[in-house]
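> please work out how this folds:
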Amino acid sequence: MFAFALPTTSPASLAASFISSSTPSLPGATTTRRAVFRDALKRYKRLSPGEQAAAVPAVLSAAEEYLPYLHTLDAYITSQDVTTTGSEFETEWRAVLSRRTGPAEAPRVKRRGLDYEVCFATATLAYAHVLRARTLLAIALQSPHSDSSSSTSTTASSSNTKDTNTSTAESTINQATQHITTAASIFTYLHTRTTTSPRPTPSPPADTTPAVYTALASLCLASATLLAVLKQDPYPSLVALTHDKNSTEWMYKAPTVPSGVKALLLARLCIYASEMASKAAAGVTAGAGAGAAQSTPREELRVYCDDLARTAKAKACRFLAVDAEAQGKGRLGEAIGWVVAGKEILGLTVESEGKGKVGRGLEKLKKAREKRKIEKGAAAAAEGVLAADAGRMEEAMVLGELEKKWRRVNDSVNFETIMPSSVLLPRLPTGRPMFPERTAWTPPKLSSAELAQLQDQTASGSIADTDWLRADDSADDDDNVSTAAGSVSGGFPRGASTGYY
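All right, here's what the predicted structure looks like:
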């Protein structure tokens, strides 16, 4: 799942632009909640990357308090219970998904009307849900396992502890899935809103275009589907353990590898995730405009979607390879062929026959370079760095271990012909959806009791009370917040030594 950057916004007073006949205090109360939300975003930005994960729940809470007021105000404008005072509302947000003209900061976008405020604020809630899902996933991957090195612990108690930790990790993954599917439904709602409501000129930034909203919804569905697959996939953890000299996990029985119907189901889920990620990459490309930089999505987002599509498809090939190897009966050559196909999808070098000395030498250099990149990725994962390649290098590590193991057996025992990928790839199954694609989020509104409180209050002095919010101090969110060394813009959290998967 992509690591979104949360935007910041300038101060703005809705009480100065809107008045309500039925709920006089609604514009002022909305302005107050917006100030709290803005402050939470600014506090989040000032934190170091390592501290930001712990601050995401505060941003979620502030957004969930502000959005009911904002969407109620927006609905009242439609029903004409809220009218303008003559001073048109104007807001400024940082377009975090737009192409950046400078080395670090996202461009500022100032637009008039409440529509952009609704789109940016609601999308920020979705970004925060994705970031919370990333944090929960990292917690699950780093969950402690039973300490088998303790001399006083028995085998039974160690097994029970491991089962408990496994259950906790699965529960955490389920929470992450709920956050990511909520983000997908929010992006679906925003796509519907932006396609049905008129968009004023000038052209909207890439962050608020229907094509980008569709792409982000598809990307979230792809990530959620892979989370479901991840719970049933033991290979990444098994390969990680082979590269961890301090691990004692090998003392326990290895998890049962998926085969048969289960392997086919997981492969179909991976194919669906790959299709959704490819759809997201196409949507980001379609959202690229020929105008200003703020109308063009960031290239990093498209690259991440493409990497996720490749990784998911390579996972599908791996599950089919595992199933073929488990069936036996002369199917080891097919299993190796599926592994080779997966590596080709990832863009990795595979072994070839019939090459001269120069060709073999170049191939060895390429394979050595790829191995160094994989090992570097594993070392980065041990330091808790988030991967920007959507798990591509981790999947390459798994495929490489399987290929090495099976080729050794085939070259010494089976001597089966390896099936070419050109024959196997057309046999990939169709994708199977796990979550509904068109589930739209329902905007929260104020309850009748909350509206009654706003009706009882008077609007006198509301503009004066919030006049300080209109001061343009947005420059203070340009603090030179340096990115921690090694931090990256997106990817799946990995755990090299104690990963659950």
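> who are the contact partners of A40?
Counting by Cβ atoms under 8 Å, 6 or more residues apart in numbering, A40 makes contact with A55, A58, V59, S61, A62, A63. All C-beta atoms are positioned from the backbone trio N, CA, C, and that covers glycine.
> ok, the second one touching Y44?
Yes: counting by Cβ atoms under 8 Å, A58 touches Y44, with 7.5 Å between them.
> so between these two, which is more surrounded?
Y44 (21 against 15; other Cβ atoms under 10 Å).
> that one: which element?
Using DSSP states H and E, Y44 maps to helix 26-46.
> for that helix, what is the average pLDDT?
Taken as a whole, helix 26-46 carries a mean pLDDT of 94.
> average model confidence for the next helix or strand after it?
Heading C-terminal from helix 26-46, the first helix or strand you meet, by DSSP H and E, is helix 49-78. Across helix 49-78, the average pLDDT comes to 92.
> also stretch 177-192?
Averaging pLDDT along stretch 177-192 gives 95.
> can you tell me what sits against it?
1, 119, 122-123, 125-127, 129-130, 132-133, 136, 208, 210, 213-214, 216-217, 220-221, 223-224, 227-228, 435, 437-443.
> out of these, which end up buried?
Among the contacts of stretch 177-192, those classed as buried by 16 or more other Cβ atoms under 10 Å are 1, 119, 122-123, 125-127, 129-130, 132-133, 136, 208, 210, 213-214, 216-217, 220-221, 223-224, 227-228, 435, 440-441, 443.
> hang on, L451 packs against T23?
Yes: assessed by Cβ under 8 Å, L451 is found in contact with T23 at 5.7 Å.
> neighbour-wise, which of those two wins?
Using other Cβ under 10 Å, the more surrounded residue of L451 and T23 is T23, with 23 against 16.
> helix or strand: which one has that one?
Using DSSP H and E, no helix or strand contains T23.
> which stretches of the protein form helices?
Using DSSP state H, the helices of the chain run over residues 26-46, 49-78, 114-141, 155-196, 210-230, 235-242, 261-286, 299-327, 332-345, 357-382, 392-409, 421-424, 448-456, 462-465.
> now the ones you listed as CSV including distance to A15?
Converted to CSV, the helices of the chain look like this (distance: least, Cβ to Cβ, whole Å):
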stretch, distance to A15
helix 26-46, 4
helix 49-78, 10
helix 114-141, 13
helix 155-196, 24
helix 210-230, 29
helix 235-242, 53
helix 261-286, 37
helix 299-327, 36
helix 332-345, 55
helix 357-382, 49
helix 392-409, 50
helix 421-424, 64
helix 448-456, 12
helix 462-465, 5
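> can you pull out the low-pLDDT segments for this structure?
The model of the chain has pLDDT under 70 over residues 100-104, 143-166, 198-202, 236-257, 287-295, 349-387, 457-501.
> bridged to E92, which residues?
E92 forms beta bridges with K110, as assigned by DSSP bridges.
> can you report how many residues lie near it?
When counting by other Cβ under 10 Å, one arrives at 18 neighbours for E92.
> wouldn't it be in contact with T8 here?
No: look at E92 against T8 with Cβ under 8 Å: they stay out of range, at 9.4 Å.
> so how far is L41 from S412?
60 Å (Cβ to Cβ, to the nearest Å).
> who has more neighbours, the two?
Using other Cβ under 10 Å as the criterion, S412 and L41 rank with L41 on top: 24 against 8.
> give me phi/psi at the residue nearest to that one when sequence neighbours are not counted?
Nearest residue to L41 in three dimensions, chain neighbours excluded: T8, at 5.1 Å (Cβ to Cβ, 6 or more residues apart in numbering). Main-chain torsions, T8, degrees, to the nearest 10: phi -110, psi 170.
> so which bits of stretch 48-56 are buried?
Buried residues in stretch 48-56, counted by 16+ other Cβ under 10 Å: P49, Q52, A53, A55, V56.
> er, stretch 272-289 I mean
Buried positions in stretch 272-289, judged by neighbour count with 16+ other Cβ under 10 Å: 272-284, 287-289.
> same deal with stretch 324-344?
Within stretch 324-344, the residues scored as buried using 16+ other Cβ under 10 Å are 324-325, 331-344.
> what sits up against that stretch?
257, 259-260, 263, 313-315, 317-318, 320-322, 349-351, 395-396, 399-400, 402-403, 406-407, 409-410, 414, 416-421, 423-425.
> can I have the buried ones of these as a ChimeraX selection?
Selection of buried members from the contacts of stretch 324-344 for ChimeraX, criterion 16+ other Cβ under 10 Å:
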select :257,263,313,314,315,317,318,320,321,322,349,395,396,399,400,402,403,406,407,410,416,418,419,421,424,425
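> out of the helices of the chain, which gets nearest to G431?
Nearest of the helices of the chain to G431, taken as Cβ to Cβ: helix 261-286 at 3.2 Å.
> start to end distance for stretch 324-342?
Stretch 324-342 has an end-to-end distance of 14 Å (Cα to Cα, to the nearest Å).
> cool, and stretch 81-88?
End-to-end distance of stretch 81-88 (Cα to Cα): 17 Å.
> where's A106 relative to M393, distance?
Plainly put, A106 is 27 Å away from M393 if you go by Cβ to Cβ.
> one more: L264?
Distance of L264 to M393, computed by Cβ to Cβ: 26 Å.
> quick one: which of those two has more around it?
Counted by other Cβ under 10 Å, L264 and M393 do not tie: M393 has more neighbours, with 24 against 17.
> excluding chain neighbours, give the residue nearest to A309 in space.
Closest to A309 by Cβ to Cβ, 6+ apart is A277, at 3.7 Å.
> that neighbour touches V303, doesn't it?
No: the criterion here is Cβ under 8 Å, and A277 misses it with V303 at 11.5 Å.
> can you give me the end-to-end span of stretch 427-446?
Here the two ends of stretch 427-446 are set 53 Å apart, with distance taken as Cα to Cα.
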